[in-house]
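K.L.:
Need coordinates for the below:
(one chain, ligands or ions: 1)
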Amino acid sequence: KQESPRTARDDSKDLAMCRILLAELESHQDAGPFLTPVNPKSVPGYRKIIKKPMDFSTIRDKLTNSQYLNLETFIIDVNLVFDNCEKFNEDNSVIGRAGHTMRRFFQRRWTELLRQN
Ligand SMILES: Oc1ccc2c(c1)N[C@H](O)CC2
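P.N.:
Down below sits the predicted model:
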């Protein structure tokens, strides 16, 4: 049986990829509910229901301050935005649908960019 080669993938373009992906998320027409942190004072129940709030501006700050170890930890934070949205919103709601649309968009774009790398 041919040993699978122990070669790591080339991660030298990952930071550039995160910057492209985040810019595309921030400028997406359905990005509105995800651009800034939810204000727990103005949304009853949010603080209790959502244990790890996340939004695109927080991800932007973390990326700017080199707080992502790698592509994986960046993708985990972006998916946290959409997981929080699914938990707090009905699928059949404006914000719920926006979350599903954005998650599908993100999933397609990062896999496209990874493949062309
Ligand atoms: O009706 C509302 C009012 C506020 C919010 C939501 C729905 N969902 C967001 O995920 C969190 C903020």
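
K.L.:
pLDDT score assigned to Gln2?
P.N.:
Reported pLDDT at Gln2 in the predicted model: 61.

K.L.:
Enumerate every residue touching the most centrally placed residue in the chain.
P.N.:
With distances taken as CA atoms, centre = their mean, Val78 lies nearest the centre of the chain, 1.4 Å away. Contacts were defined as CB atoms under 8 Å, 6 or more residues apart in numbering; by that measure Val78 touches 21-22, 25, 59, 106. The C-beta positions use only the backbone N, C-alpha and C, and glycine is treated the same way.

K.L.:
Please point out which parts of the helix ranked longest in the chain sit buried.
P.N.:
Determined from DSSP state H, the single longest helix within the chain is helix 94-116. Residues of helix 94-116 classed as buried by neighbour count (16 or more other CB atoms under 10 Å): 96, 98-99, 102-103, 105-106, 109-110, 113.

K.L.:
Regarding Leu69, what are the backbone dihedral angles?
P.N.:
Here is the backbone geometry of Leu69 (degrees, to the nearest 10): phi -70, psi -40.

K.L.:
Can you report how many residues neighbour it?
P.N.:
Applying the criterion other CB atoms under 10 Å, we find 8 residues in the vicinity of Leu69.

K.L.:
same deal with Arg47?
P.N.:
A count of nearby residues for Arg47, using other CB under 10 Å, gives 12.

K.L.:
do the same with the one 5 residues further on
P.N.:
Using other CB under 10 Å, Lys52 has 8 other residues around it.

K.L.:
Torsion angles phi and psi at it?
P.N.:
Backbone torsions for Lys52, taken as degrees, to the nearest 10, come to phi -130, psi 80.
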